[in-house]
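1. how does the following fold in three dimensions:
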Amino acid sequence: MRVSDILRTKGATVCTIDPDATIADALASLNQYGIGAIVVSSTGTSVDGILSERDIVRALHSDGDSVTARLVRDIMTSNVVTCTPADQVDNMMSLMSEKRFRHVPVVETDTLVGIVSIGDVVASRLTELERETEALEGYIRHGR
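-> The predicted structure is shown next:
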C-alpha cells in the first residue's frame, strides 16, 4: 500500500498556518479541526515547518502562559521529514516509529498535497491485514 492510497481514502485537505501567526491562533486551529499538528506554510503549498501539540507543550513548560503570544515560527519544528504519494506505507510506519513523530506532510514536486498521521498509517495497515486474512480464509475454504 502507498501513501497515495491513504490520501485517496482520507482526502488531501491539509490545515496550514502562516509562520507569523501566534501560538494562540495555532491552538484555535488545532482545536477547531481536531488535529494534533498543523503544517506551517507561508504560501499554503510550501512546507516551512510543522507545529505539533508536543511543540506547544514543551514551549508552555519553559515559557508558561506567555507562549500563546509568541509566533509559530519561534517554536515550530523547521526540519520537517516529508514523504511522497508514492512512498510505501510500511516504510512510513517504520520511519514514524523510529523518529518518534506522528505526522508527515506529503509533498509532490515541492508542493504540499496531503498529510498522514500515525493513526492513518495504522488504520491502513489494519485494513490491509483484514484483506489478507479474508483472502487466506477464502483460499483455505475453497482450495484456491
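2. low-confidence stretches in the chain?
-> By pLDDT under 70, the low-scoring segments of the chain are 143-144.
3. how about the strands of it, start to end?
-> Along the chain, the stretches classed as strands by DSSP state E are 16-17, 37-40, 49-52, 103-108, 111-117.
4. want to try a markdown table for those strands, with distance to Glu137 as columns?
-> Where you see a C-beta, it was placed from the backbone N, CA and C, and this is true even at glycine. Formatted as a markdown table, those follow (distance: least, C-beta to C-beta, whole Å):
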| stretch | distance to Glu137 |
| --- | --- |
| strand 16-17 | 43 |
| strand 37-40 | 38 |
| strand 49-52 | 40 |
| strand 103-108 | 33 |
| strand 111-117 | 29 |
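5. can you put the ones you listed in JSON lines and add distance to Ala135 and mean neighbour count?
-> Listed next are the strands of the chain as JSON lines, based on distance: least, C-beta to C-beta, whole Å; neighbours: other C-beta atoms under 10 Å:
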{"stretch": "strand 16-17", "distance to Ala135": "39", "mean neighbour count": "23"}
{"stretch": "strand 37-40", "distance to Ala135": "35", "mean neighbour count": "26"}
{"stretch": "strand 49-52", "distance to Ala135": "37", "mean neighbour count": "23"}
{"stretch": "strand 103-108", "distance to Ala135": "28", "mean neighbour count": "22"}
{"stretch": "strand 111-117", "distance to Ala135": "25", "mean neighbour count": "20"}
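6. neighbours of Asp18, just the number please.
-> By other C-beta atoms under 10 Å, the residues close to Asp18 number 16.
7. actually Leu136, sorry about that
-> 10.
8. for Ser78, which non-adjacent residue is spatially closest?
-> Once flanking residues are discounted, Ser78 sits nearest to Gly49: 4.5 Å by C-beta to C-beta, 6 or more residues apart in numbering.
9. what of Glu53?
-> Per C-beta to C-beta, 6+ apart, closest to Glu53 is Gly36, 5.1 Å.
10. identify the residues contacting the one you found.
-> Gly36 is in contact with 30, 52-53, 102-103, 117, counting by C-beta atoms under 8 Å, 6 or more residues apart in numbering.
11. starting at the chain centroid, how far to stretch 110-118?
-> Remark: stretch 110-118 is offset 7 Å from the chain centroid, using C-alpha atoms, centre = their mean, to the nearest Å.
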